[in-house]
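Asks: just a sequence and a predicted model for now, questions to come.
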Number of protein chains: 2
Amino acid sequence: MNDIGPVKPARKPRADSVRNRERVLDAAHVVFALAGAAGSLEAVAREAGVGTGTLYRHFPTRQALFEAVYRHEVDQLVALAARLDGEAAPLDALRAWMRANVAFMATKKGMSAALAVAVHANTDLAASSVERLGHAAETLLRRAVQEGVIRDDIGAQDILRTVVGLCYVHDTPGWQDGVLRLVDVFVDGMRLG
Amino acid sequence: MNDIGPVKPARKPRADSVRNRERVLDAAHVVFALAGAAGSLEAVAREAGVGTGTLYRHFPTRQALFEAVYRHEVDQLVALAARLDGEAAPLDALRAWMRANVAFMATKKGMSAALAVAVHANTDLAASSVERLGHAAETLLRRAVQEGVIRDDIGAQDILRTVVGLCYVHDTPGWQDGVLRLVDVFVDGMRLG
DNA sequence: GAGTCATACGGAGGGAGCCTCCGTTTAGCA
DNA sequence: TGCTAAACGGAGGCTCCCTCCGTATGACTC
């Protein structure tokens, strides 16, 4: 059979390519949050200041772009957890992170249909996201428990389930504020002393 | 303020208008079942043998068309129940009706996203559909119970829940046959003697 | 730091769908 | 049989999708 040949030295990816990919991702976040899953890809390219060709080279299908945006945002939530863990008091960190999760859910609302498709089409994506978010929550939780500021019978999955659950009813305008209040109540409820 | 004036005698709706509305509905059923919720409205008009203007006059938005199709199909299920009630043996009637429900769900699968939106956007639609389908199921159930061919501790909502539930997992090709078999099993399970 | 070339870029362009508008047709009524 | 409100169809203007290809540029070499 064919030999694949000597392994190429693999040149570094071009800087503009990396930059554009990032830009498109940010633009897609904005456009989809605003216009829902049907937001036009041309609008995304425009917002990113990039040609449509470039957009399609990076993300050949709408689906691919959805998934990348989703993954990207999960990344950001995970990173946020790490940052908060180092910077804020345990309880504040947990609260802030949960609030960020509400915002995350909010941007997903408009595109819930598309997300459902994405999640159905790519179970790995869903599973790994839940796992990674679980780890992030775990970190914040453990510190708060160790420092004795919250009760110790709440798990990471409980945190996620709470956020998702609280966001479930979302058809009224201004629902986000309401949910943020509920998150605060929940966090207060976990507090000891 | 303005007087609305004498009440108009309200002329009879034009026959072609009524006919075209029906045609568009049928065509939409076909197109959406085939191409999913994103099926083109031009294709619907073509299939119906009607100009796009006509389509839009009857259904100003895609959403309106979705809802009308949905309502129309619920009508047909309700009518089917009435027909079966008069024509078939109680158990056969129930079985046939449940099977028809599976087919109904099947055409909804491709457009589940759109349906989710439609149902979310129009709670009345969802509520009244469930109620009407419940009545239909009730009729068939009661007769079967009265004639003593099935157990009497299953309610109309149980029937609906069963059909919907069985259809929940649907990502494999050929799922419909599998579900129909399960429906048969379920009906057999209700049987007395 | 100049040259080479793989890689990425932009956007024109063809095709399709969305929706509106308006001249034409037609069905109900007198 | 004529009148007219109501409905029809489809052209046209717009947006969006996606591909293709000539041009530009960043990474590497010497």
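Replies: Nice, I can see it.
Asks: in terms of helices and strands, where is the residue of chain A found nearest DNA strand C?
Replies: Nearest residue of chain A to DNA strand C: A:Gly53, at 1.8 Å (C-beta to the nearest atom of the strand). Glycine gets a C-beta too; all of them are placed from N, C-alpha and C. Using DSSP states H and E, A:Gly53 sits in helix A:52-58.
Asks: by contact count, what packs against the helix or strand encompassing A:Ala137?
Replies: Element membership for A:Ala137 (DSSP H and E) is helix A:123-146. If you count contacts as 3 or more C-beta pairs under 8 Å, 6 or more residues apart in numbering or on different chains; DSSP states H and E, helix A:123-146 packs onto helix A:62-87, helix A:90-109, helix A:112-121, helix A:156-166.
Asks: pull out the buried residues from that helix.
Replies: Using 16 or more other C-beta atoms under 10 Å in any protein chain shown as the test for burial, helix A:123-146 gives A:125, A:129, A:132-134, A:136-137, A:139-141, A:143-145.
Asks: now do stretch A:151-165
Replies: Buried residues in stretch A:151-165 (16+ other C-beta under 10 Å): A:154, A:156, A:159-160, A:162-163.
Asks: where does chain A have low pLDDT?
Replies: A:1-9, A:109-123, A:168-173 (pLDDT under 70).
Asks: so which bits of it are right by DNA strand C?
Replies: A:11, A:13-14, A:16-17, A:20-21, A:49-54, A:56-58 (C-beta under 7 Å from any atom of the strand).
Asks: count the neighbours of the residue lying closest to A:Ala136 once chain neighbours are set aside for me.
Replies: Of all residues not flanking A:Ala136 in the chain, A:Ala81 sits nearest, at 3.6 Å (C-beta to C-beta, 6 or more residues apart in numbering or on different chains). A count of nearby residues for A:Ala81, using other C-beta atoms under 10 Å in any protein chain shown, gives 24.
Asks: so who does A:Ala81 touch?
Replies: A:93, A:97, A:136-137, A:139-140 (C-beta atoms under 8 Å, 6 or more residues apart in numbering or on different chains).
Asks: do you know how far it is from DNA strand D?
Replies: 31 Å (C-beta to the nearest atom of the strand, to the nearest Å).
Asks: now do the closest residue to A:Ala93 other than its chain neighbours against DNA strand D, distance only.
Replies: Using C-beta to C-beta, 6+ apart and skipping residues adjacent in sequence, the residue nearest A:Ala93 is A:Leu84, 3.9 Å away. Distance of A:Leu84 to DNA strand D, given as C-beta to the nearest atom of the strand: 33 Å.
Asks: pretty sure A:Leu84 sits against A:Ala96.
Replies: Yes: here A:Leu84 lies in contact with A:Ala96, judged by C-beta atoms under 8 Å, at a distance of 5.6 Å.
Asks: those two: which has the busier surroundings?
Replies: Between A:Leu84 and A:Ala96, A:Leu84 has the larger neighbour count (other C-beta under 10 Å), namely 22 against 18.
Asks: what's the spacing between the more buried one and B:Asp188?
Replies: 57 Å (C-beta to C-beta, to the nearest Å).
Asks: try A:Phe186
Replies: Distance from A:Phe186 to B:Asp188, counting by C-beta to C-beta: 47 Å.
Asks: mind checking how far stretch A:184-192 is from the chain centre?
Replies: Distance of stretch A:184-192 from the chain centroid (C-alpha atoms, centre = their mean, to the nearest Å) equals 24 Å.
Asks: what residues sit buried inside it?
Replies: A:186-187, A:190.
Asks: which ones are touching the closest residue to A:His72 other than its chain neighbours?
Replies: Excluding the flanking residues, the one nearest A:His72 by C-beta to C-beta, 6+ apart is A:Leu25, at 5.2 Å. By C-beta under 8 Å, 6+ apart, the contact list for A:Leu25 reads A:68-69, A:72.
Asks: pull out the buried members of the residues you listed.
Replies: Using 16+ other C-beta under 10 Å as the burial test, those include A:68-69 as buried.
Asks: turn the contacts of A:Leu25 into a markdown table, including distance to B:Leu77.
Replies: Output for the contacts of A:Leu25, formatted as a markdown table (distance: C-beta to C-beta, whole Å):
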| residue | distance to B:Leu77 |
| --- | --- |
| A:Ala68 | 41 |
| A:Val69 | 39 |
| A:His72 | 44 |
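Asks: let me know the closest of the contacts of A:Leu25 to A:Asp177.
Replies: A:Val69 (24.5 Å; C-beta to C-beta).
Asks: contacting residues around stretch A:152-161?
Replies: A:94, A:98, A:101, A:130, A:133-135, A:137-138, A:141, A:145, A:190.
Asks: again, only using 7 Å
Replies: The contact list for stretch A:152-161 (C-beta atoms under 7 Å, 6 or more residues apart in numbering or on different chains) reads A:98, A:133-134, A:137-138, A:141, A:145, A:190.
Asks: same check on stretch A:129-145?
Replies: Taking C-beta under 7 Å, 6+ apart as the rule, stretch A:129-145 contacts A:74, A:77-78, A:81, A:84-85, A:90-91, A:93-94, A:97, A:150, A:152, A:154, A:156-157, A:159-160.
Asks: mind running it again at 8 Å?
Replies: Counting by C-beta under 8 Å, 6+ apart, A:70-71, A:74, A:77-78, A:80-82, A:84-85, A:90-91, A:93-94, A:97, A:101, A:150-152, A:154-157, A:159-160, A:190 sit against stretch A:129-145.
Asks: nice, that's everything, thank you.
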